[in-house]
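Chemist: need a structure here:
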Amino acid sequence: MKKITLSADETLIEAAHARAREEQTTLNEQFRRWLTVYVHQRDRALQYDAAISELRGKLRVGESPSREGMSER
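Modeler: Sure thing, here's the model as predicted:
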């Protein structure tokens with residue numbers, strides 16, 4: 001793993017340390033999780049956009065059946 005140095009407000013860091021202790025984890029672990037989510041959010045957004053583009057024109061969305069209509073079936 002590569003080490004990096006970050007800076008943040010001291011009060012936030014103290015609060016983050018306290019929360020990490022409560023959650024029985026570390027700030028390093030939380031940062032690694034955040035970094036993974038941060039990187040993959042873009043990938044998921046691109047996949048979503050591609051899926052929507054592919055489905056555009058193939059699906060027709062109509063009105064949802066009413067409660068009465070569902071009872072008649």
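Chemist: CA atoms for contacts and neighbours, from now on please.
Modeler: Will do.
Chemist: The helix of greatest length in the chain - what's its average pLDDT?
Modeler: Longest helix in the chain, counting residues (DSSP state H): helix 27-55. Mean per-residue pLDDT for helix 27-55: 87.
Chemist: Remind me what that helix packs against, helices and strands.
Modeler: helix 10-22 (3 or more Cα pairs under 8 Å, 6 or more residues apart in numbering; DSSP states H and E).
Chemist: Just the C-alphas of the helix it packs on, formatted as PDB.
Modeler: Extracted as PDB, the C-alpha positions of helix 10-22 are listed here (Å, rounded to 0.1, in the frame of the first residue of the first chain):
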ATOM      1  CA  GLU A  10      -8.400  19.200  13.900                       C
ATOM      2  CA  THR A  11     -11.900  19.100  15.400                       C
ATOM      3  CA  LEU A  12     -13.100  16.900  12.500                       C
ATOM      4  CA  ILE A  13     -10.200  14.600  12.900                       C
ATOM      5  CA  GLU A  14     -10.800  14.200  16.600                       C
ATOM      6  CA  ALA A  15     -14.500  13.500  16.000                       C
ATOM      7  CA  ALA A  16     -13.700  11.000  13.300                       C
ATOM      8  CA  HIS A  17     -11.300   9.200  15.600                       C
ATOM      9  CA  ALA A  18     -14.000   9.000  18.300                       C
ATOM     10  CA  ARG A  19     -16.500   7.600  15.800                       C
ATOM     11  CA  ALA A  20     -14.000   5.100  14.400                       C
ATOM     12  CA  ARG A  21     -13.300   3.900  18.000                       C
ATOM     13  CA  GLU A  22     -17.100   3.500  18.600                       C
END
